[in-house]
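Trainee: quick one, fold the following:
(one chain, ligands or ions: 1)
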Amino acid sequence: MSSIRHAEVAGGGLAGLTVATSLAQQGWSVRLHERGSQLREIGAGIFLWENALRVLEQIGAFEEAAGLGDRIDSWRLFDERGRPIQNDWMKDGSTRLVTVKRTELHQALAQAARRAGVDIVTGSSVAGATPDGELLLETGEALKADLVVGADGVYSAVRRALGLDLVVRDLEDGCMRHLVPRGPDDVAGEALEYWNGGRRVGIVPVTPEEVYIYTCCPAKDLEGRQQPFNHKSWGDSFPDVRHYLDRIPDQSRWAAFHDVRTHSWVHGRGAIVGDAATAMAPNLGQAACVAMVNGFSMATVLSQHDDVRTGLRAWERRQRGVSDATQRYSRLYGKVGTRWPRPLTDVRSALVWLAGRSETWQHQVNVAAHSGADLVGPRNS
Ligand SMILES: Cc1cc2nc3c(=O)[nH]c(=O)nc-3n(C[C@H](O)[C@H](O)[C@H](O)COP(=O)(O)OP(=O)(O)OC[C@H]3O[C@@H](n4cnc5c(N)ncnc54)[C@H](O)[C@@H]3O)c2cc1C
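Mentor: Presented below is the predicted three-dimensional model:
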(Lines give C-alpha, C1' and ligand atoms only; values in the text may rest on other atoms or scores of the structure.)
Protein backbone atom coordinates (compact mmCIF):
# COMPACT_ATOMS: atom_id res chain seq x y z
CA MET A 1 0.00 0.00 0.00
CA SER A 2 1.59 3.27 -1.10
CA SER A 3 -0.03 6.09 0.91
CA ILE A 4 -1.57 6.15 4.37
CA ARG A 5 -5.27 5.33 4.26
CA HIS A 6 -7.74 7.19 6.46
CA ALA A 7 -10.76 5.83 8.39
CA GLU A 8 -13.56 7.63 10.24
CA VAL A 9 -15.24 5.49 12.91
CA ALA A 10 -18.58 6.23 14.62
CA GLY A 11 -18.91 4.98 18.20
CA GLY A 12 -16.53 4.60 21.13
CA GLY A 13 -17.87 1.33 22.57
CA LEU A 14 -16.05 -2.01 22.65
CA ALA A 15 -16.50 -2.53 18.89
CA GLY A 16 -15.48 0.99 17.81
CA LEU A 17 -12.36 1.01 19.99
CA THR A 18 -11.30 -2.43 18.76
CA VAL A 19 -11.71 -1.66 15.07
CA ALA A 20 -10.08 1.77 15.43
CA THR A 21 -7.08 0.32 17.28
CA SER A 22 -6.68 -2.55 14.84
CA LEU A 23 -6.80 -0.26 11.80
CA ALA A 24 -4.30 2.15 13.37
CA GLN A 25 -1.98 -0.76 14.15
CA GLN A 26 -2.18 -1.72 10.45
CA GLY A 27 -0.93 1.75 9.51
CA TRP A 28 -4.21 3.63 8.96
CA SER A 29 -4.83 7.12 10.25
CA VAL A 30 -8.03 6.82 12.31
CA ARG A 31 -10.45 9.27 13.87
CA LEU A 32 -13.13 7.95 16.20
CA HIS A 33 -16.29 9.92 17.04
CA GLU A 34 -18.12 9.29 20.30
CA ARG A 35 -21.30 11.27 20.89
CA GLY A 36 -20.97 11.10 24.68
CA SER A 37 -19.01 13.84 26.41
CA GLN A 38 -16.57 11.14 27.50
CA LEU A 39 -15.81 7.49 26.75
CA ARG A 40 -17.91 5.46 29.18
CA GLU A 41 -19.05 1.92 30.02
CA ILE A 42 -21.43 0.70 32.68
CA GLY A 43 -20.24 -0.92 35.92
CA ALA A 44 -20.91 -4.64 35.45
CA GLY A 45 -19.09 -7.83 34.59
CA ILE A 46 -18.65 -9.29 31.12
CA PHE A 47 -17.71 -12.76 29.87
CA LEU A 48 -14.79 -12.85 27.46
CA TRP A 49 -14.33 -16.08 25.56
CA GLU A 50 -11.26 -17.43 23.79
CA ASN A 51 -11.97 -15.52 20.56
CA ALA A 52 -12.04 -12.10 22.29
CA LEU A 53 -9.04 -12.95 24.48
CA ARG A 54 -7.03 -13.60 21.33
CA VAL A 55 -8.01 -10.19 19.96
CA LEU A 56 -6.87 -8.56 23.20
CA GLU A 57 -3.55 -10.41 22.91
CA GLN A 58 -3.12 -9.34 19.28
CA ILE A 59 -3.73 -5.66 19.98
CA GLY A 60 -1.61 -5.64 23.13
CA ALA A 61 -4.42 -5.05 25.63
CA PHE A 62 -4.70 -8.50 27.22
CA GLU A 63 -2.89 -7.88 30.49
CA GLU A 64 -4.62 -4.59 31.17
CA ALA A 65 -8.08 -5.84 30.20
CA ALA A 66 -8.13 -9.44 31.29
CA GLY A 67 -4.92 -10.17 33.19
CA LEU A 68 -6.66 -9.69 36.53
CA GLY A 69 -10.01 -11.16 35.46
CA ASP A 70 -11.39 -14.31 37.00
CA ARG A 71 -10.75 -17.45 35.00
CA ILE A 72 -13.92 -19.53 34.71
CA ASP A 73 -13.29 -23.27 34.45
CA SER A 74 -16.89 -24.43 34.39
CA TRP A 75 -20.33 -22.99 33.75
CA ARG A 76 -23.04 -24.86 35.63
CA LEU A 77 -26.81 -24.61 35.10
CA PHE A 78 -29.47 -25.53 37.67
CA ASP A 79 -33.22 -25.86 37.15
CA GLU A 80 -36.10 -24.76 39.38
CA ARG A 81 -35.82 -27.92 41.46
CA GLY A 82 -32.15 -27.17 42.17
CA ARG A 83 -31.01 -30.02 39.91
CA PRO A 84 -27.80 -29.50 37.94
CA ILE A 85 -28.76 -29.71 34.26
CA GLN A 86 -25.32 -28.82 32.88
CA ASN A 87 -21.96 -29.11 34.58
CA ASP A 88 -19.72 -27.87 31.85
CA TRP A 89 -21.92 -25.72 29.68
CA MET A 90 -20.10 -24.85 26.44
CA LYS A 91 -16.72 -25.29 28.12
CA ASP A 92 -13.93 -27.58 27.14
CA GLY A 93 -10.21 -27.54 27.76
CA SER A 94 -9.42 -25.62 24.57
CA THR A 95 -11.46 -22.47 25.17
CA ARG A 96 -10.56 -19.97 27.84
CA LEU A 97 -13.33 -18.01 29.53
CA VAL A 98 -12.56 -15.00 31.71
CA THR A 99 -14.85 -12.52 33.44
CA VAL A 100 -13.73 -8.92 33.73
CA LYS A 101 -15.24 -5.60 34.67
CA ARG A 102 -16.63 -3.78 31.68
CA THR A 103 -15.16 -0.49 32.80
CA GLU A 104 -11.68 -2.04 32.92
CA LEU A 105 -12.06 -3.69 29.52
CA HIS A 106 -13.28 -0.46 27.98
CA GLN A 107 -10.47 1.57 29.55
CA ALA A 108 -7.88 -0.94 28.35
CA LEU A 109 -9.23 -0.69 24.80
CA ALA A 110 -9.28 3.11 24.98
CA GLN A 111 -5.65 3.07 26.14
CA ALA A 112 -4.69 0.71 23.31
CA ALA A 113 -6.43 3.04 20.83
CA ARG A 114 -4.53 6.06 22.16
CA ARG A 115 -1.22 4.16 22.05
CA ALA A 116 -1.92 3.22 18.43
CA GLY A 117 -2.48 6.90 17.59
CA VAL A 118 -6.28 6.93 17.17
CA ASP A 119 -7.68 10.45 17.34
CA ILE A 120 -10.65 10.13 19.74
CA VAL A 121 -13.18 12.95 19.49
CA THR A 122 -15.86 12.98 22.19
CA GLY A 123 -19.08 15.01 22.00
CA SER A 124 -19.16 14.30 18.26
CA SER A 125 -22.51 12.94 17.01
CA VAL A 126 -22.66 11.11 13.72
CA ALA A 127 -25.76 11.56 11.55
CA GLY A 128 -24.91 9.02 8.85
CA ALA A 129 -22.46 8.00 6.16
CA THR A 130 -22.32 7.58 2.40
CA PRO A 131 -21.06 4.59 0.40
CA ASP A 132 -18.50 6.93 -1.21
CA GLY A 133 -16.69 7.24 2.10
CA GLU A 134 -18.14 10.27 3.85
CA LEU A 135 -19.00 10.36 7.53
CA LEU A 136 -21.77 12.87 8.14
CA LEU A 137 -21.79 14.70 11.45
CA GLU A 138 -24.85 16.23 13.09
CA THR A 139 -23.12 19.60 12.76
CA GLY A 140 -23.57 19.23 8.98
CA GLU A 141 -19.89 18.52 8.36
CA ALA A 142 -18.99 15.72 5.87
CA LEU A 143 -15.66 14.02 6.59
CA LYS A 144 -14.05 12.28 3.63
CA ALA A 145 -12.26 8.96 4.22
CA ASP A 146 -11.11 5.79 2.48
CA LEU A 147 -13.27 3.86 4.95
CA VAL A 148 -16.20 4.80 7.21
CA VAL A 149 -17.21 2.43 10.00
CA GLY A 150 -20.45 2.45 11.97
CA ALA A 151 -19.81 0.99 15.42
CA ASP A 152 -22.64 3.07 16.80
CA GLY A 153 -24.72 0.40 18.49
CA VAL A 154 -28.16 -1.16 18.06
CA TYR A 155 -29.83 1.97 16.65
CA SER A 156 -26.93 2.74 14.31
CA ALA A 157 -27.34 5.91 12.25
CA VAL A 158 -24.58 4.70 9.91
CA ARG A 159 -26.37 1.40 9.20
CA ARG A 160 -29.58 3.25 8.37
CA ALA A 161 -27.84 5.76 6.13
CA LEU A 162 -26.02 3.02 4.23
CA GLY A 163 -29.33 1.22 3.64
CA LEU A 164 -28.24 -1.97 5.43
CA ASP A 165 -31.18 -2.30 7.86
CA LEU A 166 -33.26 -5.45 7.72
CA VAL A 167 -34.72 -6.05 11.19
CA VAL A 168 -34.05 -4.42 14.56
CA ARG A 169 -36.08 -6.33 17.08
CA ASP A 170 -36.67 -5.78 20.79
CA LEU A 171 -36.62 -9.38 22.04
CA GLU A 172 -38.97 -8.53 24.90
CA ASP A 173 -36.63 -9.90 27.48
CA GLY A 174 -33.67 -8.40 29.21
CA CYS A 175 -31.80 -8.23 32.46
CA MET A 176 -30.37 -6.19 35.28
CA ARG A 177 -26.68 -6.38 36.09
CA HIS A 178 -25.18 -5.98 39.53
CA LEU A 179 -21.76 -6.00 41.18
CA VAL A 180 -21.91 -7.10 44.82
CA PRO A 181 -19.24 -7.52 47.49
CA ARG A 182 -17.51 -10.91 47.40
CA GLY A 183 -17.18 -13.01 50.55
CA PRO A 184 -14.59 -15.70 51.35
CA ASP A 185 -17.08 -18.56 50.76
CA ASP A 186 -18.46 -17.19 47.49
CA VAL A 187 -18.24 -18.81 44.11
CA ALA A 188 -14.71 -19.09 42.64
CA GLY A 189 -13.50 -20.33 39.26
CA GLU A 190 -16.98 -21.13 37.99
CA ALA A 191 -20.12 -19.46 36.67
CA LEU A 192 -23.44 -20.53 38.16
CA GLU A 193 -26.75 -19.99 36.38
CA TYR A 194 -30.12 -20.81 37.92
CA TRP A 195 -33.39 -21.07 35.97
CA ASN A 196 -36.95 -20.81 37.24
CA GLY A 197 -39.69 -20.44 34.63
CA GLY A 198 -38.71 -17.45 32.50
CA ARG A 199 -36.31 -16.07 35.12
CA ARG A 200 -32.57 -16.67 35.18
CA VAL A 201 -29.94 -15.65 37.70
CA GLY A 202 -26.23 -15.79 36.97
CA ILE A 203 -23.58 -15.62 39.67
CA VAL A 204 -20.00 -15.13 38.55
CA PRO A 205 -16.78 -14.07 40.27
CA VAL A 206 -15.31 -11.03 38.56
CA THR A 207 -12.61 -9.51 40.81
CA PRO A 208 -11.18 -10.54 44.18
CA GLU A 209 -13.62 -8.08 45.78
CA GLU A 210 -16.72 -8.44 43.60
CA VAL A 211 -19.22 -10.94 42.28
CA TYR A 212 -21.18 -10.18 39.11
CA ILE A 213 -24.88 -11.10 39.25
CA TYR A 214 -27.31 -10.92 36.34
CA THR A 215 -31.05 -11.26 36.79
CA CYS A 216 -32.83 -11.92 33.48
CA CYS A 217 -36.56 -12.22 32.78
CA PRO A 218 -39.18 -11.47 30.14
CA ALA A 219 -40.04 -7.77 29.79
CA LYS A 220 -43.60 -8.53 30.82
CA ASP A 221 -42.39 -9.80 34.25
CA LEU A 222 -42.96 -6.46 35.94
CA GLU A 223 -41.77 -7.58 39.39
CA GLY A 224 -38.67 -9.09 37.83
CA ARG A 225 -37.62 -5.84 36.18
CA GLN A 226 -38.89 -3.60 38.97
CA GLN A 227 -36.69 -0.72 40.13
CA PRO A 228 -35.64 -0.54 42.91
CA PHE A 229 -34.65 -4.21 42.71
CA ASN A 230 -37.35 -6.48 44.17
CA HIS A 231 -35.31 -8.62 46.59
CA LYS A 232 -38.32 -10.53 47.89
CA SER A 233 -39.65 -11.55 44.50
CA TRP A 234 -36.23 -12.75 43.23
CA GLY A 235 -35.36 -14.37 46.60
CA ASP A 236 -38.64 -16.32 46.47
CA SER A 237 -37.82 -17.53 42.94
CA PHE A 238 -34.24 -18.52 43.88
CA PRO A 239 -34.11 -19.34 47.61
CA ASP A 240 -30.82 -21.25 47.20
CA VAL A 241 -28.99 -18.05 46.27
CA ARG A 242 -30.94 -15.58 48.39
CA HIS A 243 -27.72 -14.81 50.27
CA TYR A 244 -26.28 -13.39 47.03
CA LEU A 245 -29.48 -11.64 45.93
CA ASP A 246 -29.81 -9.88 49.29
CA ARG A 247 -26.54 -8.05 48.56
CA ILE A 248 -27.89 -6.44 45.37
CA PRO A 249 -28.18 -2.69 45.79
CA ASP A 250 -31.60 -1.08 45.29
CA GLN A 251 -30.40 0.92 42.29
CA SER A 252 -30.47 -1.29 39.20
CA ARG A 253 -31.09 -0.60 35.55
CA TRP A 254 -33.05 -2.73 33.11
CA ALA A 255 -31.28 -3.53 29.83
CA ALA A 256 -33.53 -4.78 27.02
CA PHE A 257 -32.11 -7.37 24.61
CA HIS A 258 -32.10 -6.71 20.86
CA ASP A 259 -31.50 -8.62 17.72
CA VAL A 260 -30.13 -6.85 14.65
CA ARG A 261 -30.31 -8.42 11.20
CA THR A 262 -28.94 -6.74 8.12
CA HIS A 263 -28.93 -7.16 4.35
CA SER A 264 -25.17 -6.82 4.44
CA TRP A 265 -22.47 -5.31 6.66
CA VAL A 266 -20.94 -3.29 3.85
CA HIS A 267 -21.89 -0.77 1.20
CA GLY A 268 -19.10 0.70 -0.90
CA ARG A 269 -16.54 2.20 1.47
CA GLY A 270 -18.92 1.95 4.44
CA ALA A 271 -19.10 -0.91 6.96
CA ILE A 272 -20.86 -1.68 10.22
CA VAL A 273 -19.56 -3.70 13.14
CA GLY A 274 -20.53 -4.63 16.69
CA ASP A 275 -24.13 -4.26 17.85
CA ALA A 276 -24.78 -2.09 14.79
CA ALA A 277 -24.37 -5.26 12.71
CA THR A 278 -24.70 -8.27 14.99
CA ALA A 279 -26.58 -7.32 18.18
CA MET A 280 -27.95 -10.37 19.95
CA ALA A 281 -29.16 -11.25 23.42
CA PRO A 282 -26.10 -11.91 25.58
CA ASN A 283 -27.22 -15.49 26.33
CA LEU A 284 -23.96 -17.03 25.17
CA GLY A 285 -21.73 -14.23 26.44
CA GLN A 286 -20.58 -13.69 22.85
CA ALA A 287 -22.06 -10.42 21.48
CA ALA A 288 -19.08 -8.25 22.43
CA CYS A 289 -16.61 -11.06 21.71
CA VAL A 290 -17.97 -11.40 18.16
CA ALA A 291 -17.90 -7.60 17.81
CA MET A 292 -14.23 -7.47 18.81
CA VAL A 293 -13.26 -10.33 16.49
CA ASN A 294 -15.09 -8.74 13.56
CA GLY A 295 -13.49 -5.35 14.28
CA PHE A 296 -10.01 -6.85 14.45
CA SER A 297 -10.58 -8.96 11.37
CA MET A 298 -11.78 -5.98 9.32
CA ALA A 299 -8.34 -4.41 9.73
CA THR A 300 -6.49 -7.64 8.93
CA VAL A 301 -8.47 -8.39 5.80
CA LEU A 302 -8.23 -4.79 4.55
CA SER A 303 -4.46 -4.96 4.95
CA GLN A 304 -4.49 -7.67 2.25
CA HIS A 305 -6.47 -5.56 -0.26
CA ASP A 306 -5.52 -2.33 -2.02
CA ASP A 307 -9.16 -1.70 -2.86
CA VAL A 308 -11.26 -0.97 0.24
CA ARG A 309 -14.55 -2.03 -1.36
CA THR A 310 -13.17 -5.42 -2.38
CA GLY A 311 -11.53 -5.85 1.02
CA LEU A 312 -14.76 -5.11 2.88
CA ARG A 313 -16.67 -7.66 0.83
CA ALA A 314 -13.96 -10.26 1.52
CA TRP A 315 -14.13 -9.40 5.22
CA GLU A 316 -17.89 -9.93 5.38
CA ARG A 317 -17.63 -13.24 3.50
CA ARG A 318 -15.04 -14.44 5.97
CA GLN A 319 -16.82 -13.42 9.17
CA ARG A 320 -20.49 -13.73 8.42
CA GLY A 321 -20.98 -17.48 8.93
CA VAL A 322 -19.77 -17.60 12.53
CA SER A 323 -21.61 -14.38 13.46
CA ASP A 324 -24.90 -15.57 11.95
CA ALA A 325 -24.63 -18.94 13.69
CA THR A 326 -23.91 -17.27 17.02
CA GLN A 327 -26.95 -15.02 16.66
CA ARG A 328 -29.08 -18.07 15.81
CA TYR A 329 -27.96 -20.03 18.87
CA SER A 330 -28.39 -17.02 21.10
CA ARG A 331 -31.99 -16.69 19.90
CA LEU A 332 -32.57 -20.37 20.57
CA TYR A 333 -31.09 -20.09 24.08
CA GLY A 334 -33.41 -17.14 24.76
CA LYS A 335 -36.44 -19.13 23.66
CA VAL A 336 -35.51 -22.08 25.85
CA GLY A 337 -34.36 -20.07 28.86
CA THR A 338 -36.95 -17.31 28.92
CA ARG A 339 -39.96 -18.22 26.81
CA TRP A 340 -40.41 -21.93 27.53
CA PRO A 341 -43.99 -22.84 28.67
CA ARG A 342 -44.01 -23.15 32.46
CA PRO A 343 -45.90 -26.47 32.68
CA LEU A 344 -43.16 -28.11 30.57
CA THR A 345 -40.08 -27.08 32.52
CA ASP A 346 -39.22 -30.71 33.37
CA VAL A 347 -39.06 -31.43 29.65
CA ARG A 348 -36.77 -28.43 29.26
CA SER A 349 -34.45 -29.72 31.99
CA ALA A 350 -34.25 -33.11 30.29
CA LEU A 351 -33.51 -31.57 26.89
CA VAL A 352 -30.84 -29.22 28.23
CA TRP A 353 -29.23 -32.11 30.10
CA LEU A 354 -29.23 -34.19 26.92
CA ALA A 355 -27.77 -31.33 24.89
CA GLY A 356 -24.89 -31.21 27.33
CA ARG A 357 -24.06 -34.84 26.59
CA SER A 358 -23.36 -34.03 22.93
CA GLU A 359 -19.89 -32.60 22.35
CA THR A 360 -20.80 -31.79 18.74
CA TRP A 361 -23.79 -29.75 19.81
CA GLN A 362 -21.87 -27.87 22.51
CA HIS A 363 -19.12 -27.11 20.00
CA GLN A 364 -21.71 -25.86 17.52
CA VAL A 365 -23.39 -23.55 20.05
CA ASN A 366 -20.05 -22.11 21.04
CA VAL A 367 -18.68 -21.96 17.49
CA ALA A 368 -17.57 -18.35 17.98
CA ALA A 369 -15.20 -19.23 20.84
CA HIS A 370 -13.77 -22.09 18.79
CA SER A 371 -13.27 -19.89 15.73
CA GLY A 372 -10.53 -17.81 17.40
CA ALA A 373 -7.69 -19.69 15.73
CA ASP A 374 -9.11 -19.18 12.21
CA LEU A 375 -10.50 -15.67 12.58
CA VAL A 376 -7.92 -14.07 14.88
CA GLY A 377 -4.75 -16.13 15.02
CA PRO A 378 -2.76 -18.25 17.48
CA ARG A 379 -3.01 -17.61 21.18
CA ASN A 380 -0.04 -16.08 22.96
CA SER A 381 -0.14 -18.11 26.15
C1 LIG B 1 -27.12 -7.34 29.98
C2 LIG B 1 -26.05 -7.54 28.98
C3 LIG B 1 -25.00 -8.42 29.25
C4 LIG B 1 -24.02 -8.66 28.29
N5 LIG B 1 -23.02 -9.54 28.56
C6 LIG B 1 -22.12 -9.84 27.59
C7 LIG B 1 -21.08 -10.80 27.84
O8 LIG B 1 -20.95 -11.34 28.94
N9 LIG B 1 -20.19 -11.06 26.83
C10 LIG B 1 -20.30 -10.48 25.60
O11 LIG B 1 -19.47 -10.77 24.72
N12 LIG B 1 -21.26 -9.56 25.36
C13 LIG B 1 -22.16 -9.23 26.31
N14 LIG B 1 -23.12 -8.29 26.07
C15 LIG B 1 -23.16 -7.61 24.76
C16 LIG B 1 -22.20 -6.45 24.70
O17 LIG B 1 -22.41 -5.60 25.79
C18 LIG B 1 -22.42 -5.67 23.40
O19 LIG B 1 -22.42 -6.55 22.31
C20 LIG B 1 -21.30 -4.66 23.20
O21 LIG B 1 -21.19 -3.81 24.31
C22 LIG B 1 -21.58 -3.86 21.95
O23 LIG B 1 -20.57 -2.92 21.76
P24 LIG B 1 -20.69 -1.86 20.59
O25 LIG B 1 -19.46 -1.04 20.68
O26 LIG B 1 -21.04 -2.52 19.33
O27 LIG B 1 -21.99 -1.00 20.94
P28 LIG B 1 -22.26 0.01 22.15
O29 LIG B 1 -21.71 -0.51 23.43
O30 LIG B 1 -23.71 0.33 22.09
O31 LIG B 1 -21.42 1.29 21.78
C32 LIG B 1 -21.84 2.18 20.79
C33 LIG B 1 -21.15 3.50 21.07
O34 LIG B 1 -21.48 4.38 20.01
C35 LIG B 1 -21.90 5.62 20.54
N36 LIG B 1 -22.84 6.18 19.57
C37 LIG B 1 -24.11 5.75 19.31
N38 LIG B 1 -24.65 6.50 18.34
C39 LIG B 1 -23.72 7.42 17.99
C40 LIG B 1 -23.68 8.47 17.05
N41 LIG B 1 -24.75 8.72 16.28
N42 LIG B 1 -22.56 9.20 16.95
C43 LIG B 1 -21.47 8.95 17.72
N44 LIG B 1 -21.46 7.98 18.65
C45 LIG B 1 -22.56 7.21 18.77
C46 LIG B 1 -22.55 5.27 21.88
O47 LIG B 1 -22.56 6.37 22.74
C48 LIG B 1 -21.63 4.15 22.36
O49 LIG B 1 -20.51 4.65 23.06
C50 LIG B 1 -24.09 -8.01 27.03
C51 LIG B 1 -25.13 -7.10 26.77
C52 LIG B 1 -26.10 -6.87 27.73
C53 LIG B 1 -27.21 -5.89 27.42
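Trainee: for the residue in the stretch 201-350 of the chain that the ligand sits nearest to, which non-adjacent residue is closest in space?
Mentor: With Cβ to the nearest ligand atom as the measure, the residue in the stretch 201-350 of the chain that lies nearest the ligand is G274; the distance is 2.3 Å. The C-beta positions use only the backbone N, C-alpha and C, and glycine is treated the same way. Nearest residue to G274, sequence neighbours excluded (Cβ to Cβ, 6 or more residues apart in numbering): A15, at 2.4 Å.
Trainee: also S330?
Mentor: By the measure of Cβ to Cβ, 6+ apart, the closest residue to S330 outside its immediate chain neighbours is M280, 4.2 Å from it.
Trainee: touching, that neighbour and D324? I think so.
Mentor: No. M280 sits out of contact with D324 when judged by Cβ atoms under 8 Å, with a separation of 10.2 Å.
Trainee: who has more neighbours out of these two?
Mentor: Counted by other Cβ atoms under 10 Å, M280 and D324 do not tie: M280 has more neighbours, with 25 against 12.
Trainee: can you list the residues of the stretch 51-200 of the chain near the ligand?
Mentor: Near the ligand, the residues belonging to the stretch 51-200 of the chain are 125-126, 151-153, 157, 175, 177 when assessed by Cβ under 6 Å from any ligand atom.
Trainee: repeat the analysis, applying 8 Å as the threshold.
Mentor: Applying Cβ under 8 Å from any ligand atom, one finds that the stretch 51-200 of the chain approaches the ligand through 52, 99, 102, 124-127, 138, 151-158, 174-177.
Trainee: related to what we said a few turns ago, which stretch of helix or strand covers the residue nearest to G274?
Mentor: Using DSSP states H and E, A15 sits in helix 14-25.
Trainee: do the same with Y194
Mentor: In this structure, Y194 is located in strand 190-196 according to DSSP H and E.
Trainee: same question, E63
Mentor: Using DSSP H and E, the secondary-structure element containing E63 is helix 62-66.
Trainee: got the contact list for the residue in the stretch 1-150 of the chain that the ligand sits nearest to?
Mentor: When Cβ to the nearest ligand atom is the measure, the stretch 1-150 of the chain has its nearest residue to the ligand at G13, with 2.3 Å between them. Taking Cβ atoms under 8 Å, 6 or more residues apart in numbering as the contact definition, G13 lies against 41, 106, 151, 153, 274-275.
Trainee: narrow those residues to those in helices?
Mentor: Secondary structure assignment by DSSP state H places 106, 275 of the contacts of G13 in helices.
Trainee: out of the contacts of G13, who's nearest H258?
Mentor: Sorting these by how near they are to H258, with Cβ to Cβ, puts D275 at the top with 7.4 Å.
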